[in-house]
Structures are given as structure tokens and as C-alpha cells.
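>>> predicted model follows, preceded by the sequence.
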2 protein chains.
Amino acid sequence: MKREERRAATRQALAESAMRLFTAQGVEATTVEEIAHGAGVSARTFFLHFPSKASAVFPDHASNLQRFGEELSRLPDGGDDVADVCRLLVEGIRSQADSQFRRGRYGLVAGSEAIRELDARTDRDYEDAVAAHLVGRWGDDPAHRLAAQAVANVALAVARAALVAWGRDGLDPVATASRLYARLVRSPLAGAADDLRPAPAEHLPPRMGPGL
Amino acid sequence: MKREERRAATRQALAESAMRLFTAQGVEATTVEEIAHGAGVSARTFFLHFPSKASAVFPDHASNLQRFGEELSRLPDGGDDVADVCRLLVEGIRSQADSQFRRGRYGLVAGSEAIRELDARTDRDYEDAVAAHLVGRWGDDPAHRLAAQAVANVALAVARAALVAWGRDGLDPVATASRLYARLVRSPLAGAADDLRPAPAEHLPPRMGPGL
DNA sequence: TCCTCACAGTGCAGTGAGTGAAGTGAAATC
DNA sequence: GATTTCACTTCACTCACTGCACTGTGAGGA
């Protein structure tokens, strides 16, 4: 087996072993040594693949985040930045929703303090990525930083609500997120436009600009 | 000195010692023993007051959260629930903004991974509290749980953006949050109503109801 | 083919966070 | 004044995580 394959296989075995043990006996009651043993490697090796015990629950966070950042930077300039970001987030949700593995994770989050903290923290990585992207488009001054942060936080807040409803009640997260985004950026008075590209959104940043 | 006073004094001494050491030499480079020694107690005592090293940065989180929950439950029934929650959050921000101690914390959050995680997690406590409150008002079924979670997440997302802008750029968080809330719940087409009590908001939950 | 380097994984020793249990002394209660 | 409560201490322990020296194997060049 090639080196690269071998490493990837070990990593996946560790992640699966961790998920198996976490769900079976709880996160706190599972030691790193057990996880590693379940994957057929030593405990020391675990930390060659994951920086912490809890991070094995999010094995693809780093690569997902990087890919998301690249997709952000590929978004067209001069369009409706907010709607573009929302669309990208919905796409991200769609790709997550395909995986039953990832759905099981949402049950775990409720069980362990460490997982809850890490889950909350990973979300902030996405918020920061979106905020940085919007600051790059809108301008790097206090007012636009605020606007970018607010839009980013709200966008991720909606995505998370959709994912929570998926994990808890089985609601389709793609449909949910799409509707929530549409509702957020669409004027409640504007009627029943179901498109995700709301006209008013592009006026948000300038209005929040130096006036603050 | 009375027992209760003594305990409170120790707790505060620990929190202050922790903040002093964290800012001076960094969170990771500070041991619990140092913190305890700086407060004149033993390391074991630290854990009688705080469940983790990082939690000393948020010494009043538990009491704040509880008070917030009580204030939520005291909100009038039958009014505009969303606007009421927003007002409550703005009040919370106002009381935080009075304390320079709490502002210094936002600099710390950027520095330590553990603090970032805990900070992200504490926010979720508030989200959960708001969501639980709204579920109690709107109904405990999947559609209303989703609506409640979405509104709660968005409300906290906005509050956090205001607090971040305060810590980073010194923007008045009360004014910022008020404006952001007004902008969010107000229709962009509705003109310049500066009130925080938007008429459309109360239609949000029923519209998102069984239709999903 | 052989040699060398890179690298996945191991074993070991150490630090430090966090916990449980038993004990001490002072405040609270009777 | 006797007893109980409780903040705090001391000790012993588990376990997450790290640095370091080491091994074995696959990759690539001479």
C-alpha cells in the first residue's frame, strides 16, 4: 500500500473507531488509547492525525473549511455578495446532508461538553471565513467590518438552525436553509418571491456604512 | 469574615489572578497552580470555583445565564416575542458594555484556542435559552422548534457581531445591536422606522409553521 | 539493484488539567 | 458549649497531550 493511502486509511480507521466508541459508551468515558487500539494503532499515532480527542468527530473540518474558502474566493465580484454566500452555504449543507455519518454526529454533540465546544468553535471558523470574504469585497473599515461580521454570523446562524432541525426532527436541511435565507433577505412586505437573490440585500452594506 | 463573603472573595481573587496572568503571559503558558497561588489558595481550590482553567475568564456566565432565563420567562405573553427578546439582549449588552473588565476579555478570546471554544459555547447557552423560551410561546413541534432555533441563533449572531465590533473597533455595542436588530426585523422597503418593534415579526412563526 | 532519504508509526518519559477522598479549622447552628 | 457545615488543603490518581529518540518501509535517484 502506498504511503499516502496508508495514512488516509489510518486516519479514517481512527475517526470510525472514535465515532463507534463515542456513540457506544460516551465521549468522556472513552480514552484515546481505546480509540487507537480500535483502529489498530498506538495512542501516540492518534495525535499524529488529530490535535485532540474531540476533533476526531470532525475529521474533515480542516479540508472542508479550506475548500469553502477557495469557493468563496471564486465567487464573482460585483454581484450580490450576500446571496452568493447564502447559496454557497446551502450547497455546503447539501453535501453534508448526503452523509448519514454526519447526521449521527449531531446526536453526539448534545452528549459531550468537549464536542459541544468544538462544534461551536468550528462554526466560528466559517463565520470568520465569510466575514473575511465580505470585508475583502466591501472594504476594510470598522463599519464594513461590522456589516460583514453581522451578515456572516447571521448566515451561519441560519445554516446551523437548519442543521439542528435536521439532526433533531429530520427536516430537510437544504429546503429549510433555502427558505430561511429567502425569508431573511426578502422583505416580509415584498410578497412571495421564492428566489434566493433578493434585490434589497445589496444595499445592506452601504446603508450600514459611515452612518454608524 | 463570613463564609459566604470569604467564598466570593476567593472566587473573585481567582478570576482576577487568572485574567492578570492570562493577559500577561498567555492562557496556555499559565498553569492552574500559578492562578491559585496568585489568589493565595491551593490549586485544588480553583476547581471548587471553576470547572476548567478557561472558565475563569467567564466567572459570571452561570449567574448571567440564569438571570437571563428568568428575565425571558418574565416577558409578557401574547406580545411581539421576537422584539421582546431583542430588547432583552440589547439590555444585556448594555450591562456588559459598562464593564471595562469584560471588554478586555474580547482581546483574550483571540489569543487562546481554549477560550475561543468556551466563548463560542457560552453563546450557545443563550441561543438555547432563547430557543426554549420561544418554543414555549409558539409550540413544541418540529416547525416551531425550527423557527425558534433560527430566530434565537440569528438574534445571538447579531449580538455577537455588535460585541466583536465593540472589542475590535470600539463601536458602541448598544447602538450597533439596536440598529442591526431594527434592520433585520424591519423590511428594507419599509423606510426609516427606527423602532425596535417591527410589525411583520410577529407573523414570522405562523408563516414558517406547518407549511414546511 | 542498491543506497539514501522521507515519513508513518512506536515507545517512553514528562507536563499539566481535572477528580476523588480524607482531613483541618473556622463559621454557623443548635 | 457541643455539633454540624463548609471552604479549603493535601495526597494520590487518571488521562489528554507533547517532545524525543527510534524503527520499519516505501519512494526516488545513482
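Noted; the coordinates are in hand.

>>> my read: residue A:177 touches residue A:158, true?
Yes - using C-beta atoms under 8 Å, residue A:177 is in contact with residue A:158, at 6.3 Å. In this view, the C-beta of every residue, glycine as well, is placed from N, C-alpha and C.

>>> give the residue from those two that has the larger number of neighbours.
residue A:177 (29 against 26; other C-beta atoms under 10 Å in any protein chain shown).

>>> output the contacting helices and strands for the helix or strand harbouring the more buried one.
Secondary structure from DSSP states H and E places residue A:177 in helix A:173-185. On a contact count with 3 or more C-beta pairs under 8 Å, 6 or more residues apart in numbering or on different chains; DSSP states H and E, helix A:173-185 meets helix A:81-97, helix A:142-169, helix B:142-169.

>>> in chain A, which helix or strand is least confident?
Using mean pLDDT, DSSP states H and E, the weakest-scoring helix or strand in chain A turns out to be helix A:204-207, at a mean of 35.

>>> can you tell me how far the nearest residue to residue A:180 once chain neighbours are set aside is from DNA strand D?
Excluding its sequence neighbours, the residue lying closest to residue A:180 (C-beta to C-beta, 6 or more residues apart in numbering or on different chains) is residue A:158, at 4.6 Å. Distance of residue A:158 to DNA strand D, computed by C-beta to the nearest atom of the strand, to the nearest Å: 30 Å.

>>> can you check residue A:76 too?
From residue A:76 to DNA strand D the distance is 38 Å (C-beta to the nearest atom of the strand).

>>> what's the local residue count around the nearest residue to that residue once chain neighbours are set aside?
Using C-beta to C-beta, 6+ apart and skipping residues adjacent in sequence, the residue nearest residue A:76 is residue A:84, 7.1 Å away. Neighbours of residue A:84 under the rule other C-beta under 10 Å: 20.

>>> equivalent analysis for residue A:81, please.
Based on other C-beta under 10 Å, the number of other residues close to residue A:81 is 24.

>>> so it touches residue A:139, yeah?
No - assessed by C-beta under 8 Å, residue A:81 is found out of contact with residue A:139, at 11.9 Å.

>>> residue nearest the centroid of chain A?
residue A:123 (5.3 Å; C-alpha atoms, centre = their mean).

>>> the one helix or strand that one maps to to helix B:142-169, inter-axis angle?
Residue A:123 belongs to helix A:113-138 when assigned by DSSP H and E. Helix A:113-138 runs at 60 degrees relative to helix B:142-169, counting by axes from the mean of the first three to the mean of the last three C-alpha atoms, to 10 degrees.

>>> which parts of helix A:113-138 are buried?
A:114-135, A:137-138 (16 or more other C-beta atoms under 10 Å in any protein chain shown).

>>> same check on stretch A:167-177?
A:167, A:171, A:172, A:173, A:174, A:176, A:177.

>>> mean confidence score for that stretch?
Throughout stretch A:167-177, pLDDT has a mean value of 92.

>>> and that stretch, how far out from the chain middle?
15 Å (C-alpha atoms, centre = their mean, to the nearest Å).

>>> so what touches it?
Contact with stretch A:167-177 is made by A:89-90, A:93-94, A:96-97, A:103, A:105-107, A:109, A:158-159, A:161-163, A:165-166, B:142, B:145-146, B:212, as judged by C-beta atoms under 8 Å, 6 or more residues apart in numbering or on different chains.

>>> okay, and for chain A, where does confidence drop off?
Residue ranges of chain A with pLDDT under 70: A:1, A:100-104, A:185-212.

>>> can you rerun that using 80?
Low-confidence segments of chain A (pLDDT under 80): A:1, A:98-110, A:184-212.

>>> does residue A:181 touch residue A:85 like I think?
No - using C-beta under 8 Å, residue A:181 is not in contact with residue A:85; the gap is 9.5 Å.

>>> so for those two, which residues contact both of them?
What both residue A:181 and residue A:85 touch, as defined by C-beta under 8 Å, 6+ apart, is the set residue A:155.

>>> show me what counts as buried in stretch A:54-73.
Quick answer for stretch A:54-73 (16+ other C-beta under 10 Å): A:54-59, A:61, A:64-65, A:68-69, A:71-72.

>>> is it true that residue A:16 touches residue A:39?
Yes - using C-beta under 8 Å, residue A:16 is in contact with residue A:39, at 7.4 Å.

>>> those two: which is more packed in?
Neighbours per residue (other C-beta under 10 Å) separate residue A:16 from residue A:39, with residue A:39 holding more: 23 against 16.

>>> the residue nearest to that one when sequence neighbours are not counted: neighbouring residues, count only.
Once flanking residues are discounted, residue A:39 sits nearest to residue A:13: 3.9 Å by C-beta to C-beta, 6+ apart. Close neighbours of residue A:13, defined as other C-beta under 10 Å, add up to 17.

>>> so residue A:13 makes contact with residue A:40?
Yes - between residue A:13 and residue A:40 there is a contact under C-beta under 8 Å: 6.6 Å.
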